[in-house]
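[1] Take this sequence and fold it.
(chains A and B)
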Amino acid sequence: EVQLLESGGGLVQPGGSLRLSCAASGFTFRNYAMSWVRQAPGKGLEWVSVISASGDDRYYADSVKGRFTISRDNSKNTLDLQMNSLRVEDTAVYYCAKDSIPYSNYQNWFDPWGQGTLVTVSS
Amino acid sequence: DIVMTQSPDSLAVSLGERATINCKSSQSVLDSSNKKNYLVWYQQKPGQPPKLLIYWASTRESGVPDRFSGSGSGTDFTLTISSLQAEDVAVYYCQQYYSTPPYTFGQGTKLEIK
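    Residues are numbered from 1 along each chain as shown, chains lettered A, B, ... in the order given. Next up is the predicted model:
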């Protein structure tokens, strides 16, 4: 069974930093691109970042570009999101999500999603 | 970026009745070379992550009840629940994966029981 388990969320002050992690199991992690998607309280879904299966390519939403860094360790089956210069508007549940198709060109959907970890940016 | 717009924002339907949710993309998500529409539907229940329902606009994910169906092509898509059950109360999202990244979602449609 595919499992994605996020951790690292918490309360942080504006301007601060936080590092999220996602532990993956139940599939060949190194074969799939992985994404982070967030959801502000009571709001819709917003894609944040994607990293290729190899880790060589990374893309970001404009809203986080230059502040967030996605990375992965294929030897440990982990996905990370380093979040710097956090803003109040970054407050959200952050989900890690697996690409549906291996070796993709990013043209596929997310399945499954982890349970999410809550990041609260507040003074 | 492709903008996805769902309608309505919320919907109340009686048990056993049909529910219809629409999704419109700002540009076509149909690949003419393979005739596939790069459109997916998710269901999200309170306190849970999104769950895959339908991909390629009309292919039902394994295990999803057949009362759920997807249709449409190009820029206009529909998710239909043929006979609403209590467990279908959720927020439904469409997402395009044609021009990615960025992946873009509709704003969501909240489905409730009337």
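
[2] ok, the residue most central in space within chain A - contacts?
    Residue closest to the average C-alpha location in chain A (CA atoms, centre = their mean): A:W36, at 2.5 Å. With contact taken as CB atoms under 8 Å, 6 or more residues apart in numbering or on different chains, A:W36 is in contact with A:20, A:22, A:47-50, A:70, A:79, A:81, A:94-97. (Glycine included, C-beta is placed from N, CA and C.)

[3] Pull up the gap between it and A:S122, please.
    In this view, A:W36 and A:S122 are 21 Å apart by CB to CB, to the nearest Å.

[4] so who does the residue most central in space within chain B touch?
    The C-alpha lying nearest the average C-alpha coordinate of chain B belongs to B:W41 (CA atoms, centre = their mean; 3.4 Å). The contact partners of B:W41, taken as CB under 8 Å, 6+ apart, are B:23, B:53-55, B:70, B:79, B:92-95.

[5] at 7 Å instead, please
    Taking CB atoms under 7 Å, 6 or more residues apart in numbering or on different chains, we find B:W41 in contact with B:53-54, B:70, B:79, B:92, B:94.

[6] Reformat those residues as TSV; add neighbour count and secondary structure.
    Formatted as TSV, the contacts of B:W41 follow (neighbours: other CB atoms under 10 Å in any protein chain shown; DSSP: H, G, I helix; E, B strand; the rest coil):
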residue	neighbour count	secondary structure
B:L53	23	strand
B:I54	23	strand
B:G70	23	strand
B:L79	28	strand
B:Y92	24	strand
B:C94	31	strand
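
[7] would you list these in a markdown table and tack on pLDDT and distance to chain A?
    Output for those, formatted as a markdown table (pLDDT from 0 to 100; distance: CB to the nearest CB, whole Å):
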| residue | pLDDT | distance to chain A |
| --- | --- | --- |
| B:L53 | 98 | 10 |
| B:I54 | 98 | 10 |
| B:G70 | 98 | 12 |
| B:L79 | 98 | 14 |
| B:Y92 | 98 | 11 |
| B:C94 | 98 | 10 |
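
[8] quick one on the thing from earlier: pLDDT score for the residue nearest to the centre of chain A?
    Per-residue confidence at A:W36 stands at 98 (pLDDT).

[9] Bridged to the residue nearest to the centre of chain B, which residues?
    B:I54, B:C94 (DSSP bridges).

[10] Closest one to chain B out of the contacts of A:W36, please.
    Among those, A:W47 lies closest to chain B (CB to the nearest CB), at 4.2 Å.

[11] helices and strands around the particular helix or strand that has that closest one in it, which ones?
    Using DSSP states H and E, A:W47 maps to strand A:45-51. Contacts defined by 3 or more CB pairs under 7 Å, 6 or more residues apart in numbering or on different chains; DSSP states H and E place strand A:45-51 against strand A:34-39, strand A:58-60, strand A:68-73.
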